[in-house]
Structure formats: C-alpha cells, structure tokens
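Novice: sequence below, structure please.
(chains A, B, C and D)
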Protein chains: 2
Amino acid sequence: MIDYIILGFLLDKEMTGYDIKQKINVSTANFYDASFGSIYPALKRLEAQKLIVSKKSIKKGKFKNIYHILNLGRQTFLDWVKEPLVLHQSRNEYLLKIFFYRYLSKEDVVSRITQFIKLLLEYKANLVKIEPLVASQADFFQLSTLRYGLDSYQFLIDWFQQYLITIDQEYSKPE
Amino acid sequence: MIDYIILGFLLDKEMTGYDIKQKINVSTANFYDASFGSIYPALKRLEAQKLIVSKKSIKKGKFKNIYHILNLGRQTFLDWVKEPLVLHQSRNEYLLKIFFYRYLSKEDVVSRITQFIKLLLEYKANLVKIEPLVASQADFFQLSTLRYGLDSYQFLIDWFQQYLITIDQEYSKPE
DNA sequence: TAGCGCATGTAATATGTTACATGATTTC
DNA sequence: GAAATCATGTAACATATTACATGCGCTA
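Specialist: Numbers count the residues shown, from 1 in each chain, chains lettered A, B, ... in the order given. Predicted coordinates for the structure are as follows:
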C-alpha cells in the first residue's frame, strides 16, 4: 500500500524520499504511517517497474534523488483509487485484552479503562491542535479524513465512558 | 499477539490447534483473526518455551496434539492482560483512498461511499445475527467486545451517511 | 563545535497469510 | 461414494519496522 501513497503524492509534485516521509507525517500518519525503511525500497521498486523515475540532483556536495511520476504510475494510482472501498477489519489489541478481562479484578478493569480514556483524550487533543494547519492546506477530502479521526476518537471516548458506567452497574466479578 | 490468544484460550481448557482456530472464528475473529499457518507454529514455539505442553492422542488412527497451559504460560498471559490498554492506530485503507478522492468525479465518490455504507450494513447485520448465540455463551466482557463491534459499525454507518450529505451540499469538484 | 535537520540506504527482525500437501472420519 | 469436516504441518511470499550506518550543511 505504501506504493499508492507515494504515487498519490508524486502525482501532485516531484519529491525525494525524505519529502514523502515529511508529507506522510503531516497528513496521513494518523491512519497510514510509513518509515524510511519502507519508503526507500518502495521508491526503488517503483522505479524498476517504470511507474516513477528519479533525477539525481547534486547541490553543495549533497545529493538527492528526486522522483517524478510516469504515465504508468499515474494510471496505476488512478485504477487503485477508483476501486471500491473495502473494510479490512484490522487487529485490535485493546479489544483482545478486554475480551479476557474476566481475569482482572473490577478495580483493575476500571483503572485500565479510565487510563485508556485519558489516552484517547490526548490523541484527540493532538488532532484538534493540528486541525487549523491542516484546514489551511488540505482539500475537502483530506480535511475530511482529519474530521473522521476526530469523530472516531470522540466516539471511542463516549463509548468507553458509557462502558465504565455499565461495568459499575451491571458487572460484579464472581470471586 | 497470536501467542496471547492461544494462552488465553488454553487457560480455560485444553485444546488442539484446530479447536483454537474454531474458537477464534466464533469469538475474536472480528477484531483478531488468525490462520492455521500462524497457530501451529505458535503452538510449537510456546511449547519450546515451556509455556504450554502437548499430549499426543491417537484415536481411531487419527492423531491429535492436545495442548495444556503451564504455570509459566499462565503467568505470561496474566502479565500481558494486566498491561495498560494501548491504541495502535492501524492502517486504514479506505481512509487512504478517500484522502485522494479529489481525483474522482463527484458521481464516482458518491457511488463508492454509498457502496461502502451497504458493506457496513452487511457487516453489522452479520454481527446482529450471531449476537444471540454469543450472548448465550460469552461472559460480560466477551459480549461487550461484540457490542463494541455493533456500535462501531453503527458509528461508521452514521458517519458516512452524514458524509454523503456533506459532499452533496458543500463539495463541488473543480473541473 | 555540538547538535539538529536533511538525506539516503541496508540488514536483521517481526509477524503474519496463502497455498500447498496429506489423510482420516463423518455425513448426506 | 462424494463432499464436508477434522486435523496437522511446511514453504513461499508479503509487508513492514527498528536499528544501524553514513555524511553534509546550518545554526546556536
């Protein structure tokens, strides 16, 4: 999938691997992050497949590989983006832990859920913080992915707050 | 992580690799699935680490490896389940596509979101269908992971239905 | 001159899936 | 007797992360 992020960004303008990582950090990182260890090999692969092409630039003794998208890359990207949206139910480690929470005392359950809500509030606050910056640079759809993030966090916060209430009311651990 | 599901199930009772896969299918598969290709090697690994032990059973010429949890496995599992809940923001391919939806016509966007909502409704309906069965067998926390799934799907359905309205009202693709 | 940002890249490791390979028993 | 279910296991492949390795230019 990293291939498609790269193609999508290069469709907009030429970039180095480093640029792509920067761009990911400020735009898609919340739902799709990638490390240099996946970006650089991907760039080589995409070039070998003739989807993109690099131009070496040497300035002040410092060399850069600047990548451009080719027609084949453009077409590959557009084919992908037009594909139906699918839902990959991904691994959810916190749900897996909760699945086995019968092995915890009620106090331990409550403290862990409470801590988790704090974490969610922090994550949401981080998104709120970057929202104005994103809003000034992003298009309608890009901004909507941020809004999705905010709304998702709010949903989770509400859900787990209600969960705490339910646990308190309905659940008594059999000892 | 597959290790912890296995340990968690074996804590309850002895099982074969096949049993574990069955159990995953009817309980955690919605947020944590695993294939035989990961279960069997995990069982060997866990036995080599003395977390579990197997007992060969031969009945009617058919052999089974029945696994039991050992004290070390019990402790390893309990340590894990007591760890704080963390949020791994996982890959979200549909959001990544939407991030690049400026490259689609408004009609294409609407049709894909509409189709996606149908998919979400199907997924939710599947959970609704199995809810009575789960409710009859699962404990409070296990059932709550199913409820979480139902509520998550409903959140997504609502969100994307509102999104369609917003797209219709606010977004006009620059051509 | 120390540290940070820019810039690239590889090797080791992690963690899994899919497909293949086998074969018995149970059910229709 | 065919098909589904039970039951195990490996090999090839996919996909990525983390840590390591390198080195320049700018700034405090």
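Novice: quick one: pLDDT of the residue most central in space within chain A?
Specialist: Centroid-nearest residue in chain A: residue A:31, 1.7 Å away (criterion: C-alpha atoms, centre = their mean). If you check residue A:31, the pLDDT there is 94.
Novice: again, but for residue A:173
Specialist: Looking at residue A:173, the pLDDT reads 52.
Novice: residue A:107 too?
Specialist: pLDDT, residue A:107: 95.
Novice: near chain B, anything from the helix or strand hosting it?
Specialist: In the assignment (DSSP states H and E), residue A:107 maps to helix A:106-137. Yes. Residues of helix A:106-137 are located near chain B by C-beta under 8 Å from any C-beta of the partner chain, namely A:108, A:112-113, A:115-116, A:119-120, A:123. Quick note: C-beta positions are derived from backbone N, CA and C, even for glycine.
Novice: mind giving me the packing neighbours of that helix?
Specialist: Under the contact definition 3 or more C-beta pairs under 8 Å, 6 or more residues apart in numbering or on different chains; DSSP states H and E, helix A:106-137 sits against helix A:140-170.
Novice: and the helix or strand of chain A with the lowest mean pLDDT, what's buried?
Specialist: Within chain A, no helix or strand scores below strand A:52-59, which has a mean of 91 by mean pLDDT, DSSP states H and E. Within strand A:52-59, the residues that count as buried by 16 or more other C-beta atoms under 10 Å in any protein chain shown are A:52, A:54.
Novice: just how off-centre is it within its chain?
Specialist: 28 Å (C-alpha atoms, centre = their mean, to the nearest Å).
Novice: mind checking pLDDT for the closest residue to residue A:32 other than its chain neighbours?
Specialist: In space, and not counting its chain neighbours, residue A:32 is closest to residue B:96: 5.0 Å by C-beta to C-beta, 6 or more residues apart in numbering or on different chains. We have a pLDDT of 97 for residue B:96.
Novice: any idea how far residue B:96 is from residue A:125?
Specialist: To residue A:125, residue B:96 is 24 Å away according to C-beta to C-beta, to the nearest Å.
Novice: number of nearby residues for the nearest residue to residue A:31 once chain neighbours are set aside?
Specialist: With sequence-adjacent residues excluded and distances taken as C-beta to C-beta, 6+ apart, residue A:31 is closest to residue B:92, at 4.0 Å. Per other C-beta atoms under 10 Å in any protein chain shown, the neighbour tally for residue B:92 reads 21.
Novice: do the same with residue A:101
Specialist: Residue A:101: 25 neighbours (other C-beta under 10 Å).
Novice: would you agree it is in contact with residue B:78?
Specialist: No. Checked against C-beta atoms under 8 Å, the pair residue A:101 and residue B:78 is beyond contact range at 11.7 Å.
Novice: wait, what's in contact with the nearest residue to residue A:160 once chain neighbours are set aside?
Specialist: Nearest residue to residue A:160 in three dimensions, chain neighbours excluded: residue A:117, at 5.1 Å (C-beta to C-beta, 6+ apart). By C-beta atoms under 8 Å, 6 or more residues apart in numbering or on different chains, the residues touching residue A:117 are A:157, A:160-161, A:164.
Novice: any stretches of chain A with poor pLDDT?
Specialist: For chain A, the stretches flagged by pLDDT under 70 are A:171-175.
Novice: and chain A, which residues reach DNA strand D?
Specialist: A:1-3, A:33-38, A:42, A:60-62 (C-beta under 7 Å from any atom of the strand).
Novice: narrow those to those in strands?
Specialist: Counting by DSSP state E, the residues of chain A next to DNA strand D place residue A:62 in strands.
Novice: which of the residues of chain A next to DNA strand D lies closest to chain B?
Specialist: Ranked by distance to chain B (C-beta to the nearest C-beta), the residues of chain A next to DNA strand D are led by residue A:1 at 6.3 Å.
Novice: what sits against the closest one?
Specialist: Counted by C-beta under 8 Å, 6+ apart, residue A:1 has contacts A:32, B:91, B:93, B:96.
Novice: about what we covered before: got the contact list for the least confident helix or strand of chain A?
Specialist: Here strand A:52-59 has contacts from A:6-7, A:10, A:14, A:43, A:46-47, A:63-70, A:73, using C-beta under 8 Å, 6+ apart.
Novice: try 10 Å
Specialist: Contact partners of strand A:52-59, identified using C-beta atoms under 10 Å, 6 or more residues apart in numbering or on different chains, comprise A:3, A:6-7, A:10, A:14-17, A:42-47, A:63-70, A:72-74, A:76.
Novice: residues near the closest residue to DNA strand D within chain A, how many?
Specialist: Minimum separation of chain A from DNA strand D (C-beta to the nearest atom of the strand) falls at residue A:37, amounting to 2.2 Å. Number of residues near residue A:37 (other C-beta under 10 Å) recorded here: 8.
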